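Novice: Coordinates for the following, if possible.
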Amino acid sequence: MTTDAAPSGLLQLIWLASPALPIGGFSYSEGLEAAIEQGLVHDEHSATDWVVHQLHLTQSRGDMAVLAQAMAAWQHDDIPRLQALNEWVMTTRETAEMRLQTEQMGRSLLDWLRNLQQASDTQLECCAQLPPTYPLVMALALSLARTPIDQALQACAFGWAENMTQAALKGVPLGQSAGQRMLARLAREIPQAVDTAMQLNDEDRQAFSPMLAILSSRHETQYSRIFRS
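Specialist: From the prediction side, this is the model:
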């Protein structure tokens with residue numbers, strides 16, 4: 001029995017979706033902490049609605065759509081397409097901390113791929129030259145799992161949902177049972193968000209969330225905070 005075979009596609013997706021993946025996702029709240037500070041989020045109901053709205057209004061229409069398109073580009077080694085998608089991600093980060101998040105998590109995930117020898121030298125070099133953003137490097141990691149794009153997006157979305165739920169538990173704060181109810185709601189919403197992301201083309205993909213951008217800007221100078229965004 002060999003012990004060095006690559007994990008199955010399902011195990012790869014579970015691994016990539018895990019909050020234990022050492023890329024720092026747990027240290028960001030993506031504006032949630034600022035929403036708590038402003039009183040917009042203050043209990044389980046408001047926290048759940050906030051994260052669900054963020055899933056549909058920002059994640060599915062933006063980064064999840066990029067993930068779907070970048071996975072296809074990685075599978076065809078379409079470097080110009082990857083460069084264009086990466087540039088879109090960089091130009092749509094509306095605040096310094098949003099840019100910090102996508103750059104830091106992209107570099108950390110690239111280090112993870114390099115450490116585990118999960119990608120070819122050519123793919124790693126392409127990422128290093130972009131410079132890498134989180135959606136582009138995650139798309140590479142997901143494409144290497146060789147699973148259907150919809151399943152890959154569901155796994156990635158659930159990993160995001162877990163991080164956001166943990167941020168709500170710490171920031172509001174909420175109990176573990178409330179967190180499980182939040183995840184149950186998000187799990188029901190994720191398939192629709194994935195369907196939306198997979199149907200978007202370049203003209204329909206968007207990053208327009210003014211309130212989130214304002215809250216992120218305020219968070220950069222917020223006096224008391226436990227998250228980096």
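Novice: Check the chain and tell me which residue is nearest its centre.
Specialist: Nearest to the mean C-alpha position of the chain, counting by Cα atoms, centre = their mean, stands residue 160 at 5.4 Å.
Novice: ok, how many other residues are close to residue 11?
Specialist: 11 (other Cβ atoms under 10 Å). In this view, the C-beta of every residue, glycine as well, is placed from N, C-alpha and C.
Novice: Please identify which helix or strand holds it.
Specialist: helix 9-17 (DSSP states H and E).
Novice: avg pLDDT for that helix?
Specialist: Helix 9-17 shows a mean pLDDT of 90.
Novice: so who does the residue nearest to the centre of the chain touch?
Specialist: 25, 55, 59 (Cβ atoms under 8 Å, 6 or more residues apart in numbering).
Novice: Out of those residues, who's the most crowded?
Specialist: Neighbour-wise, the contacts of residue 160 (other Cβ under 10 Å) top out at residue 59, 25 neighbours.
Novice: can you list the weak-confidence ranges in the chain?
Specialist: 1-7 (pLDDT under 70).
Novice: can you give me the helices in it?
Specialist: Remark: helices assigned in the chain by DSSP state H are 9-17, 32-37, 44-54, 64-75, 79-91, 96-115, 121-129, 134-144, 149-171, 176-199, 210-219.
Novice: In this structure residue 150 contacts residue 199, no?
Specialist: No - contact criterion Cβ atoms under 8 Å: residue 150 and residue 199 do not qualify, at 11.1 Å.
Novice: which residues touch residue 55?
Specialist: 157, 160-161, 186, 189-190, 193.
Novice: could you redo the last one with a cut-off of 7 Å?
Specialist: Counting by Cβ atoms under 7 Å, 6 or more residues apart in numbering, residue 55 touches 186, 189, 193.
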